[in-house]
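A.B. asks: Sequence and predicted model, in that order:
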Amino acid sequence: MAKSSADDEELRRACEAAIEGTKQKIVMSIRVAKGRGMWGKSGKLGRNMAKPRVLALSTKAKGQRTKAFLRVLKYSTGGVLEPAKLYKLKHLSKVEVITNDPSGCTFTLGFDNLRGKSVAPPQWTMRNIDDRNRLLLCILNICKDVLGRLPKVVGIDVVEMALWAKENTPTVTTQRNQQDGPVAATVTESDLKVTVERELVSQAEEEDMEALLGTYVMGIGEAEAFSERLKRELLALEAANVHAILESEPMVDEVLQGLEAATNCVDDMDEWLGIFNVKLRHMREDIESIETRNNKLEMQSVNNKSLIEELDRLLERLRVPSEYAACLTGGSFDEARMLQNVEACEWLTGALRGLEVPNLDPIYANMRAVREKRAELEKLKTTFVRRASEFLRNYFASLVDFMISDKSYFSQRGQLKRPDHADLRYKCRTYARLLQHLKSLDKKCLGTLRKAYCSSLNLLLRREAREFANELRASTKASRNPSVWLEGSSGSGHSGHSDTSPVSDAYAKMLTIFIPLLVDESSFFAHFMCFEVPTLVPPGNVPNGNRSDDDTNDDDLGIMDIDENDSKADKNSADLATLNEALQELLNGIQEDFYAVVDWAYKIDPLRCISMHGITERYLSGQKADAAGFVRLLLGDLESRISMQFGRFVDEACHQIERNERNVRQMGVLSYIPSFLNHSDIYHPLADYGTTAFRLLPFATLATRMEQYIQGQSRDLVDQAYTKFVSIMFVTLEKIAQTDPKYADIFLLENYAAFQNSLYDLANVVPTLAKFYHQASEAYEQACTRHISMIIYYQFERLFQFARKIEDLMYTITPEEIPFQLGLSKMDLRKMLKSSLSGVDKSIAAMYKKLQKNLTSEELLPSLWDKCKKEFLDKYDSFAQLVAKVYPNETIPSVAEMRDLLASM
């Protein structure tokens, strides 16, 4: 017999190389032919053609478990084995040998995880029966040893396969002993073939079968005769059993009689049990009835006890302690008795809330006792609220009257008195807790209390502000500055101004003293009168930072909110609007004393409005609390008042400027535009023109003082004044210049030059003035150009008229045709040159004298003469180019000769 491919070591190594890296061990590998056609049926050649394959059985150890696989390998183009399919043996459910194959070498393997697929399972054809049996035995042994179960075998006799395995495989033990004890041997294909036979027919069964065969003196090959003999003996034994049963009939009758007697006993027992069952049912019903009555009695006892306890609690809730009733109806409101009053209020508040439905069972809400007790408590509440409100209204009025009657609380002649409300707040703070309880009892009563407090304290604040403002104005020493601005005088008068800084210092002091006081009063009022608003200015936090230690923590009432809902950060806008209305009533009228200080400062020095505006803006930016709303309005009104007064000053100054249009003769520099100063420490292009003194305040001096007074946000105010001043100055200047057009350009250039000279330093630091500086510079250049052109045309009129005619004709005809035009011939050119340039040095001297004659500011003459020479040379250069283009053969004095002539003069 040829050697089986299962024993081919090269094939095994090729299979191991194909699955290298999978950690699987090849147990057996054998060559097969794969087909899908059905035996006995025709099909396509490609589908029924057998394909060479290799089946390999492999195992993989994973911990204490072992997995078994069936691998299908195919040959690649180069003849190398490569994996094609992989089946897990745990899914193997059936091994079926194809009966249509006469050789019996074809079989299929059924896997339960492939049942749903439409493709028929492949058919595997072995070379001979021995290879088939060898492969199937190996598969069955692996399923038995590794998986613990056997698949279904169809079309092959298992006994026949076991006998084949016994004949073709020698017995091999699967264990070996070493020094340390028995060790399991590695499972190989040969071991599996040995154990298959032992597993299919056990050793004991085999021995029994041999003993049975030995009894009948038969060999192992006489199976058919042995089977026939066993059948005949079985039939004989069955006949003997039936005969024995028929002979035992008397015994059966005796047994039946015993069963009948037992049945009667059972029936009697069943009847007795039925009677007992009825009696027990009646007893159970009686017991249940007794238990139900007992439960009801017990529940009634428990309910009665709970009812008594609930009624006791209700009666306790309805009871009014005598000490609280006496305190609420007729107790004193002295400071020593405030603790008892507060305790009585707390009890009354709790009692009223305890009788409300959320805190009281709705069942009790309509009880007559509850309704009567609620009416009694409401009467107590009304009586107490009325008595407390009347006491507090009288208390506020008497407290303020006492302070007003004492003159030591206010400023007196020669002594400024800072208002001190520490004692007032301390006395009011005694009743802060009472006010909170009044709010919880009746919110409506707070309206009259707030009005009484506001009206009383308003009298005190207005008296303090009036006395302080009067003494502040009386104690401030500052001389009044003149009321005439931006206007010249014919005398040699005084140009200095006295120091008016005490005026703005007095205003700042007024704000420093009273703005924090008003903010503190607003904050104290909001907390004291129980307004639901956010926290106001923190204690001791004042925008200017000036605050005495005595006022520290004045807003801390030292009390707690009765209801947690009263301290929520989410406050309604209605309460805030009510607070602002009350604050307006509290502080209304005090603004008049601030207005008086502003008007007094304006009369002394209107420019101090700038510094006062900055001071007010600084305080205004620091007031951001909601309760300081009226203080912000007061500061806003002050700022508007200051802006109005300063605007009044600007309007008056502008009116004085406009009067120059009617009262000033068109000559020289106007009074509100200072002439050129001769400061040795300042240099710029217009600084060397000599001196001419003007008195009072020219615009540059006014602007310098205004810049010195700027504080904080006053820049916009001053810039608006600059814009109004300079705009009216320039408009007035143009109007005056139009009164005599002959000297308009001289008048404009002198005034614009003086304006630039006076504002040179300020324009470098003030953007608004820089804009007007550049505007004046452009107007100056334009006036210079017009005046110089007029002087040049006056002396050389024929020369430049001739040039203008040539320029006009060059737009319509060529330069060569111009000499043939009327009045432009070469002869005309020579006549014009002779009349215009024969005494050119005298003409230039006359041009200089004319420029000097009408100029009142001699300081401008050098720069104007330089501009005049440059302008003349530019015009003459253009004339020379025209002559060279139109009259190329004519000679005229060159531009260089003219430049030398001008330089020599």
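C.D. replies: That came in fine, so what should we check first? Residues are numbered from 1 along each chain as shown.

A.B. asks: For the rest of this, base every contact and every neighbour count on C-alpha atoms.
C.D. replies: Will do.

A.B. asks: So what's the residue count around T723?
C.D. replies: Counted with other CA atoms under 10 Å, residues neighbouring T723 total 15.

A.B. asks: That one against T768, yeah?
C.D. replies: Yes - here T723 reaches T768: they are 7.5 Å apart, a contact under CA atoms under 8 Å.

A.B. asks: How much space separates the residue nearest to D877 when sequence neighbours are not counted from A845?
C.D. replies: Excluding its sequence neighbours, the residue lying closest to D877 (CA to CA, 6 or more residues apart in numbering) is V895, at 6.0 Å. Remark: distance between V895 and A845 (CA to CA, to the nearest Å) = 18 Å.

A.B. asks: do the same with R641
C.D. replies: 61 Å.

A.B. asks: Who has more neighbours out of these two?
C.D. replies: R641 (18 against 14).

A.B. asks: remind me which residues of the stretch 551-700 of the chain are low pLDDT?
C.D. replies: 551-575, 623-628, 660-698 (pLDDT under 70).

A.B. asks: which residues of the stretch 1-150 of the chain score low on pLDDT?
C.D. replies: 1-2, 37-48, 115-118.

A.B. asks: Helices along that one, start to end?
C.D. replies: 9-18, 45-48, 129-142 (DSSP state H, counting those that start in this stretch).

A.B. asks: Return the most buried member of the ones you listed.
C.D. replies: When you average the neighbours per residue for each of the helices of the stretch 1-150 of the chain (mean count of other CA atoms under 10 Å), helix 129-142 leads with a mean of 21.

A.B. asks: gap between the helix or strand following it and the chain center?
C.D. replies: Downstream of helix 129-142, the first helix or strand assigned by DSSP states H and E is strand 152-154. Remark: strand 152-154 is offset 75 Å from the chain centroid, using CA atoms, centre = their mean, to the nearest Å.

A.B. asks: Which elements pack onto the helix or strand that strand 152-154 is followed by?
C.D. replies: For strand 152-154, the succeeding helix or strand toward the C-terminus, using DSSP H and E, is helix 158-168. Under the contact criterion of 3 or more CA pairs under 8 Å, 6 or more residues apart in numbering; DSSP states H and E, helix 158-168 touches helix 189-200.

A.B. asks: Need the mean per-residue confidence for the helix it packs on.
C.D. replies: Helix 189-200 comes out with an average pLDDT of 44.

A.B. asks: what about L449, distance to E890?
C.D. replies: 110 Å.

A.B. asks: The closest residue to S389 other than its chain neighbours: neighbour count?
C.D. replies: Spatially, and ignoring its direct neighbours in sequence, S389 is nearest to L449 (6.6 Å; CA to CA, 6+ apart). Per other CA under 10 Å, the neighbour tally for L449 reads 20.

A.B. asks: quick one: L449 from A397, how far?
C.D. replies: Relative to A397, and taking CA to CA, L449 is found at 11 Å.

A.B. asks: next one: D268
C.D. replies: From D268 across to A397, the span is 111 Å (CA to CA).

A.B. asks: go on, A239?
C.D. replies: The gap separating A239 from A397 is 137 Å, by CA to CA.

A.B. asks: do A452 as well
C.D. replies: Relative to A397, and taking CA to CA, A452 is found at 8 Å.

A.B. asks: These two: who's more crowded?
C.D. replies: Between A452 and A397, counted using other CA under 10 Å, A452 has the larger neighbour count: 20 against 15.

A.B. asks: For that one, which non-adjacent residue is closest in space?
C.D. replies: With sequence-adjacent residues excluded and distances taken as CA to CA, 6+ apart, A452 is closest to R393, at 5.7 Å.

A.B. asks: OK, contacts around the one you found?
C.D. replies: By CA atoms under 8 Å, 6 or more residues apart in numbering, the contact list for R393 reads L449, A452, Y453.

A.B. asks: buried residues in stretch 509-528?
C.D. replies: 510-528 (16 or more other CA atoms under 10 Å).

A.B. asks: Which ones among those map onto helices?
C.D. replies: If you go by DSSP state H, these have 510-528 in helices.

A.B. asks: What distance do you get for P888 to D877?
C.D. replies: P888 sits 15 Å away from D877 when distances are taken as CA to CA.

A.B. asks: K88 too?
C.D. replies: According to CA to CA, K88 and D877 sit 114 Å apart.

A.B. asks: before we move on, what about T22?
C.D. replies: Computed as CA to CA, the T22 to D877 distance reads 106 Å.

A.B. asks: before we move on, what about L809?
C.D. replies: Distance of L809 to D877, given as CA to CA: 19 Å.

A.B. asks: ok but D808 is inside a helix, no?
C.D. replies: Yes - D808: assigned to a helix according to DSSP: H, G, I helix; E, B strand; the rest coil.

A.B. asks: residues near it, how many?
C.D. replies: D808 has 10 nearby residues by other CA under 10 Å.

A.B. asks: cool, and the one 10 residues further on?
C.D. replies: Counted with other CA under 10 Å, the neighbours of I818 add up to 19.

A.B. asks: element containing K417, please.
C.D. replies: Short version, using DSSP H and E: K417 is in no helix or strand.

A.B. asks: okay, the closest residue to it other than its chain neighbours: pLDDT?
C.D. replies: Take K417 and drop its neighbours on the chain: the residue closest to it by CA to CA, 6+ apart is S411, 4.4 Å away. At S411, the pLDDT value in this model is 70.

A.B. asks: cool, the one 10 residues further on as well?
C.D. replies: At H421 the predicted local distance difference test score is 84.

A.B. asks: Could you report the neighbour count for it?
C.D. replies: 16.

A.B. asks: same deal with D7?
C.D. replies: D7: 13 surrounding residues under other CA under 10 Å.

A.B. asks: same question, T812
C.D. replies: T812: 8 neighbours (other CA under 10 Å).

A.B. asks: secondary structure class for it?
C.D. replies: Under three-state DSSP, T812 comes out as coil.

A.B. asks: quick one: S389 and G447 touch, right?
C.D. replies: No - in terms of CA under 8 Å, S389 does not count as a neighbour of G447; the distance is 10.2 Å.

A.B. asks: out of those two, which sits in the more crowded spot?
C.D. replies: S389 (18 against 12).

A.B. asks: quick one: buried residues of the host helix or strand of the more buried one?
C.D. replies: Here S389, judged by DSSP H and E, is contained in helix 368-405. Buried residues in helix 368-405, counted by 16+ other CA under 10 Å: 370, 373-374, 377, 380-381, 384-385, 387-389, 392-393, 395-396, 400, 404.
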